[in-house]
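Engineer: What shape does this take:
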Amino acid sequence: MISEPNRRSGGMSVREAGQKGGETVKKKYGAEFYEEIGRKGGLATKQAHGHEFYEQIGKKGGKKGGEATRDRYGPDFYERIGQKGGQKVKQLIEEGKRAASDRKQRAS
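Structural biologist: Next up, the predicted model:
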């Protein structure tokens, strides 16, 4: 969301500027660029801190993140998003079956 001062001056929010910069880099170097720098960063972190570091932050971060999300959205949040995700998967499966059936009919 753009803050009120940014609306009056016609400027961009920090988020918008970051998105614009990210899109520019993506156009220039391709999406693979982000994959490569992410992989390199992960390897460097693993070399500097060891495999256990990831296990440790996964346990701590996952629990803290889950608690923060629960506190922000309520305990029923996970149930709601799980149902939405399940419905989306069901829809995608049905669409895939229809597309396969259509291809089969066209091939006949």
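Engineer: Which strands or helices does the helix or strand that contains residue 32 pack on?
Structural biologist: Residue 32 belongs to helix 31-49 when elements are defined using DSSP states H and E. Judged by 3 or more CB pairs under 8 Å, 6 or more residues apart in numbering; DSSP states H and E, the packing partners of helix 31-49 are helix 14-29, helix 51-73. C-beta coordinates here come from the backbone N, C-alpha and C atoms, glycine included.
Engineer: now these as CSV including mean neighbour count and distance to residue 100?
Structural biologist: Below are the helices and strands packed on helix 31-49 laid out as CSV (neighbours: other CB atoms under 10 Å; distance: least, CB to CB, whole Å):
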stretch, mean neighbour count, distance to residue 100
helix 14-29, 11, 32
helix 51-73, 11, 37
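Engineer: any idea which of those helices scores lowest on pLDDT?
Structural biologist: Mean pLDDT is lowest for helix 51-73 among these, at a mean of 76.
Engineer: pull the CA atoms of the helix holding residue 32 into PDB?
Structural biologist: Output of helix 31-49 as PDB, limited to C-alpha atoms (Å, rounded to 0.1, in the frame of the first residue of the first chain):
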ATOM      1  CA  ALA A  31      14.700 -15.700 -14.100                       C
ATOM      2  CA  GLU A  32      17.600 -18.200 -13.900                       C
ATOM      3  CA  PHE A  33      19.800 -15.400 -12.500                       C
ATOM      4  CA  TYR A  34      17.800 -15.400  -9.300                       C
ATOM      5  CA  GLU A  35      18.000 -19.200  -9.100                       C
ATOM      6  CA  GLU A  36      21.800 -19.100  -9.500                       C
ATOM      7  CA  ILE A  37      22.400 -16.300  -6.900                       C
ATOM      8  CA  GLY A  38      20.100 -18.100  -4.500                       C
ATOM      9  CA  ARG A  39      21.900 -21.400  -5.000                       C
ATOM     10  CA  LYS A  40      25.300 -19.700  -4.500                       C
ATOM     11  CA  GLY A  41      24.100 -17.900  -1.400                       C
ATOM     12  CA  GLY A  42      22.800 -21.100   0.000                       C
ATOM     13  CA  LEU A  43      26.100 -22.900  -0.600                       C
ATOM     14  CA  ALA A  44      28.000 -20.000   0.900                       C
ATOM     15  CA  THR A  45      25.800 -20.100   4.000                       C
ATOM     16  CA  LYS A  46      26.100 -23.900   4.300                       C
ATOM     17  CA  GLN A  47      30.000 -23.600   4.100                       C
ATOM     18  CA  ALA A  48      30.100 -20.800   6.600                       C
ATOM     19  CA  HIS A  49      27.600 -22.200   9.100                       C
END
